[in-house]
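Participant: Here's my sequence, what's the structure:
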Amino acid sequence: MAATEAFTVNKNDLRSPTNCTSLITGGSSGIGLQTAILLHSICPNNNIIVLDRNPPVPSAPSALTSSPRFLLQKCDLTSWRDQRAAFEAGIAKFGAIDNVFVNAGIAEYKDQFFKDEMDAQGKLAEPDRRVIEIDMNAANDTVKLALYHMRHRKDGKKGGSIVMTASLAGYLASAGAPLYSAAKHGIVGLMRALKNDTATLDIAISVVAPGITLTEIISGRNAGESLPDWAKRMRAAGVPINDPAEIAASVVWLFGQGLKANGKGLLVQAGRTADLEAGIARTRGTWMGKEMLELFRGGRKAPLFPNKL
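Facilitator: Next up, the predicted model:
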């Protein structure tokens, strides 16, 4: 298979991971909920921990939400103490955490750059930073906690798997969503910067980068327009649309790959998947140029940023 050749992950073909505990942030709806449903159904011994401010949406199947293998921890992900306590509660119930899906996020909030708001003194008001706080900083905290608990397992096992939700905007920035794009570029960069060290710990870290996906954070709908109607209108215009279950299948596939998933970046569009990180690495000489590539390779020998482990 060529580095960037697209393929389809069929959820009905997935048989792993099994006998494991998976923690999902933002797991009460959308992609997170679909991932929880899929992981729970694959194996009768899979446990699910969901961290979310809200309970699962009414459409969530009771087979999941009433299962003794399901734990919901109400959590403000921007609070370190909340996240830390939620991880501890999950481990207290199930013993260890094998997989973590760093998924919670929000869309761009207002126009922080070109619409000016004034404070009580009539001066330019401080920007709203909630997009960065949730989509980057809270995600960073989840990764920190995941690595800590995977490194200090008490069940005799080693390692684990971390998948982070980036976005197509984390590779090709969206002009209408600068802070969201910046945060998702940060998620991709975090994975790239950690992957060599995590590999030495038998921990795989990867990203899934959905294109436009049918979740409630979608903007641009007409007044009163439902998500299915919006999707129908977009597809008629040729826009590739994902169903959340298609993203969930790619996440579960990454978990099932174990260490082979380390460093992967799966773009998902219209239900099709391609590993962008493999393509970027393969074509480095094209986009860097021969001279810059050789200089880069020489610079890698300098002991400036050695692996920490």
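Participant: what about dumping the CA coordinates of the longest helix anywhere in the chain to CSV?
Facilitator: The longest helix of the chain (DSSP state H) is helix 178-200. This file holds the C-alpha atoms of helix 178-200, laid out as CSV (Å, rounded to 0.1, in the frame of the first residue of the first chain):
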residue,chain,number,x,y,z
PRO,A,178,-7.9,30.3,13.4
LEU,A,179,-7.8,29.3,17.0
TYR,A,180,-9.4,25.9,16.4
SER,A,181,-6.8,25.3,13.6
ALA,A,182,-4.0,26.4,15.8
ALA,A,183,-5.1,24.0,18.6
LYS,A,184,-5.5,21.1,16.2
HIS,A,185,-2.0,21.8,14.7
GLY,A,186,-0.8,21.7,18.3
ILE,A,187,-2.4,18.2,18.8
VAL,A,188,-0.5,16.9,15.7
GLY,A,189,2.7,18.5,16.9
LEU,A,190,2.3,17.1,20.4
MET,A,191,1.9,13.6,18.9
ARG,A,192,5.0,14.0,16.7
ALA,A,193,7.1,15.3,19.6
LEU,A,194,6.1,12.5,22.0
LYS,A,195,6.1,9.5,19.7
ASN,A,196,9.7,8.5,19.9
ASP,A,197,9.7,8.6,23.7
THR,A,198,6.4,6.8,24.1
ALA,A,199,7.6,4.0,21.8
THR,A,200,10.3,3.2,24.4
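Participant: Show me what counts as buried in it.
Facilitator: 178-188, 190-191, 194-195, 198-199 (16 or more other C-beta atoms under 10 Å). Using the backbone N, CA and C atoms, a C-beta is placed for each residue, glycine as well.
Participant: Could you give the number of residues near Gly26?
Facilitator: Using other C-beta atoms under 10 Å, Gly26 has 29 neighbouring residues.
Participant: so what pLDDT did it get?
Facilitator: Note for Gly26: predicted pLDDT of 97.
Participant: And it, its phi and psi?
Facilitator: Dihedral angles of Gly26 (phi, psi; degrees, to the nearest 10) stand at phi 70, psi 40.
Participant: and the residue lying closest to it once chain neighbours are set aside, how many neighbours does it have?
Facilitator: Distances taken as C-beta to C-beta, 6 or more residues apart in numbering place Ala104 nearest to Gly26, at 3.0 Å, with adjacent residues excluded. Ala104: 25 surrounding residues under other C-beta under 10 Å.
Participant: With Glu225 instead?
Facilitator: Based on other C-beta under 10 Å, the number of other residues close to Glu225 is 13.
Participant: Keeping just the C-alphas, turn stretch 21-34 into PDB.
Facilitator: Extracted in PDB, the C-alpha atoms of stretch 21-34 (Å, rounded to 0.1, in the frame of the first residue of the first chain):
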ATOM      1  CA  THR A  21     -10.200  -0.600  29.700                       C
ATOM      2  CA  SER A  22     -10.600   2.500  27.600                       C
ATOM      3  CA  LEU A  23     -11.000   6.100  28.800                       C
ATOM      4  CA  ILE A  24     -12.700   8.600  26.500                       C
ATOM      5  CA  THR A  25     -13.000  12.400  27.000                       C
ATOM      6  CA  GLY A  26     -16.100  14.000  25.600                       C
ATOM      7  CA  GLY A  27     -17.700  10.500  25.400                       C
ATOM      8  CA  SER A  28     -21.300  11.500  26.000                       C
ATOM      9  CA  SER A  29     -22.100  12.300  22.400                       C
ATOM     10  CA  GLY A  30     -20.800  12.400  18.800                       C
ATOM     11  CA  ILE A  31     -17.500  10.700  18.000                       C
ATOM     12  CA  GLY A  32     -16.700   9.900  21.600                       C
ATOM     13  CA  LEU A  33     -20.000   8.200  22.300                       C
ATOM     14  CA  GLN A  34     -19.800   6.100  19.000                       C
END
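Participant: Sounds good, over and out.
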